[in-house]
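Novice: here is my input, please return the structure:
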Amino acid sequence: MYCWNYVVANQDALCHAPWRVPSKKDIIDIDIALGGTGENQTNTYFQIEKYFELGFIFSGRVNANNTFTYFGEAGYMLSTDEADPRASNAQNKMGHFGFTSQGWNVYPNNEIISTMTKDNAIPVRCVKEIE
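Specialist: Residues are numbered from 1 along each chain as shown. Predicted coordinates:
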């Protein structure tokens, strides 16, 4: 798990070509490819099942105060983009994907509802560049 500033500064070392850290558009495209809408959704158990098939887990996160939370309850994927401008305190947030076991929610735009800041650490997944 890494914080956003580290990932942006070291993304070439984390994901070697032709792989890369996903952009916000990549996260939304993945959600759409798996049958989602690209927008935040609730009560989507069958949608989350498709993420599990890709190897996603309820990984949790590390908060800015170094406490580990939400393991087994929520999963995340960091993007290289800043937060959606609709998010409160957007300048201190990172673009990221989230999904939860409570309500089976899928959030391609998780930063809109999340309090997580760039100081939180979440998993990095690499996506392959398609030519």
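Novice: what packs against the longest strand seen in the chain?
Specialist: Identified as the longest strand of the chain according to DSSP state E is strand 74-82. With contacts defined as 3 or more Cβ pairs under 8 Å, 6 or more residues apart in numbering; DSSP states H and E, strand 74-82 has these neighbours: helix 4-14, helix 24-33, strand 94-100, strand 121-122. All C-beta spots, glycine's among them, are computed from the backbone N, C-alpha and C.
Novice: and that strand, which strands flank it?
Specialist: Next to strand 74-82 in the sheet, as set by DSSP bridges, lie strand 94-100 (antiparallel).
Novice: now do stretch 57-68, average pLDDT.
Specialist: Across stretch 57-68, pLDDT averages out at 92.
Novice: how far is it from where the chain is centred?
Specialist: Its chain's C-alpha centre and that of stretch 57-68 lie 13 Å apart, by Cα atoms, centre = their mean, to the nearest Å.
Novice: circling back: a markdown table for the helices and strands packed on strand 74-82, including mean pLDDT, mean neighbour count and distance to F56?
Specialist: Below are the helices and strands packed on strand 74-82 laid out as a markdown table (pLDDT from 0 to 100; neighbours: other Cβ atoms under 10 Å; distance: least, Cβ to Cβ, whole Å):
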| stretch | mean pLDDT | mean neighbour count | distance to F56 |
| --- | --- | --- | --- |
| helix 4-14 | 94 | 15 | 18 |
| helix 24-33 | 91 | 18 | 10 |
| strand 94-100 | 87 | 24 | 7 |
| strand 121-122 | 93 | 24 | 12 |
